[in-house]
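Novice: Fold the following for me, if possible:
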Amino acid sequence: MTLADLGDARRCERLVLKVGSALLVDDRGARRAWLAALVAEIAAARARGQQVIVVSSGAIALGARKLGLEKGGRGSLADAQAAAAVGQIALSGLWAELLEAHGLTAAQLLLTLEDLEDRRRYLNATATLGRLLDAGAVPVINENDSVATQEIRFGDNDRLAARVAQAARAGAVVLLSDVDGLYDRHPAEPGAKRLPLVRTITPEVRAMASPVSGSGMGSGGMISKLQAAEIAQLAGIALAIGNGHVEAPLARIAAGEGTLFLARRRAAARKAWLGGRLRLKGEIVVDAGAAAALGKGSSLLARGIVRVSGDFQRGDAVAIRDGAGQTLAHGLIEYDAGECTRLLGRHSSEHADILGYAPRSAIVHRDQLVLL
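Specialist: Got it, this is the predicted structure:
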């Protein structure tokens, strides 16, 4: 896929578009004229046969203005929740009105982290999105900030957009930002160069990212966008970052002004869901031999484990890392944390004597494991 393919219904039938707070809201309130122009681009995409899902920030910023809250409503969790409760009404109404002007029906979905981390709820969200799109609606999605707490929230809509794209089986994600894409250093530094294409997110690519949200309104930055790209890539979905502070931003990105992260080979649906999880209950650190075996498609056995941390039960999702701290895989664990600690470094033939019952075949079976 290329950036030009983002506007081609044959190459990208279903597109997820994320719009950040700084694009939707300024010091005077909602940027209605800008949003109306963007909705015209969405309508044009629909006319050429593309289905579009919008992930829209802006509720907290809008609500904070109405309530007169300091720091854009982000001074405390209570402020953010109150601002979101007020702002979401205004935000959804604005999208509905502008889409209706083009004969399009808006549908609002408010999601929490658990809606996409829990497998059953994830499948429910997938079914709802599919039915809405088949019915011709434009889903407008935001995190349900009025009830989400710090411990159970995405924290930014970049990663939410990637997870929504995964649930909707989209072809691509476009993150509209305040920069033209990923640069090899902070864009404000002399000599900074934009990367038009990223095939793989390496440690060197991660080092290029700035954690700062330039506007001060949003909660994301380039780091969150790279995390979103990793989630999308694992699900076989391309992701593009481009500047929204321009006229016709989607057309500009399709013309080559952005950064495209190529999709990897699409993992099976369950494994893609597992690999994209943001909440993990524990961590398993493995030795070099186990890391090499995992890379060849093996299950994780106890004898290769050097450290266990976290409070997890059988069936929970855990991270598997090497000694340097690099995440190798996510997997669904076959034992609870206490049992894993007792089995640490031991051969499978010893497990029955240690536990007092016939052991399972692996700590994490390869069918319940996805390499990252």
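Novice: any idea how far stretch 34-52 is from the chain center?
Specialist: On the basis of C-alpha atoms, centre = their mean, to the nearest Å, stretch 34-52 sits 22 Å off its chain's mean C-alpha point.
Novice: Strands along the stretch 1-150 of the chain, start to end?
Specialist: Counting by DSSP state E, counting those that start in this stretch, one finds strands in the stretch 1-150 of the chain at the ranges 14-19, 25-26, 29-30, 51-56, 105-111, 137-143.
Novice: Direction included, what does the fifth one pair up with?
Specialist: Right, strand 105-111. strand 137-143 (parallel) (DSSP bridges).
Novice: For the strand it pairs with, what does the pLDDT average out to?
Specialist: For strand 137-143, mean pLDDT rounds to 96.
Novice: Mind checking what helix or strand follows it in sequence?
Specialist: Once the chain leaves strand 137-143, the next helix or strand it forms, by DSSP states H and E, is helix 157-168.
Novice: so what does that next one touch, helix or strand wise?
Specialist: Taking 3 or more C-beta pairs under 8 Å, 6 or more residues apart in numbering; DSSP states H and E as contact, the helices and strands that helix 157-168 lies on are strand 14-19, strand 51-56, helix 113-117, helix 119-134, strand 137-143, strand 172-177, helix 222-234. Quick note: C-beta positions are derived from backbone N, CA and C, even for glycine.
Novice: domain parsing for this protein?
Specialist: The record's domain parsing of the chain by automatic domain parsing lists 3-272, 280-371.
Novice: Span of the first one from start to end?
Specialist: This means domain 3-272. The first and last residues of domain 3-272 sit 23 Å apart, counting by C-alpha to C-alpha, to the nearest Å.
Novice: Counting by contacts, list what the lowest-mean-pLDDT helix or strand in the chain packs against.
Specialist: With mean pLDDT, DSSP states H and E as the measure, the helix or strand of the chain carrying the lowest mean pLDDT is helix 269-275 (a mean of 85). For helix 269-275, the packing partners by 3+ C-beta pairs under 8 Å, 6+ apart come out as helix 119-134, helix 222-234, strand 327-332, strand 369-371.
Novice: mind listing what the shortest one pairs with, with the direction of each?
Specialist: Looking back up the chat, that one is strand 369-371. Partner strands and pairing direction for strand 369-371 (DSSP bridges) are strand 327-332 (antiparallel).
Novice: immediately after the strand it pairs with, which helix or strand?
Specialist: From strand 327-332, the next helix or strand downstream (DSSP H and E) is helix 337-343.
Novice: List of residues touching that following helix?
Specialist: 282, 284, 302, 305, 308, 310-313, 333, 335, 351, 354-355, 359, 363 (C-beta atoms under 8 Å, 6 or more residues apart in numbering).
Novice: Give the PyMOL command for selecting the buried subset of those residues.
Specialist: For the buried members of the contacts of helix 337-343, the matching PyMOL selection, counting by 16 or more other C-beta atoms under 10 Å, is:
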select buried, resi 282+284+302+305+308+312+333+335+351+359+363
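Novice: Flag whichever of the contacts of helix 337-343 scores worst on pLDDT.
Specialist: Among the contacts of helix 337-343, P359 carries the lowest pLDDT, at 76.
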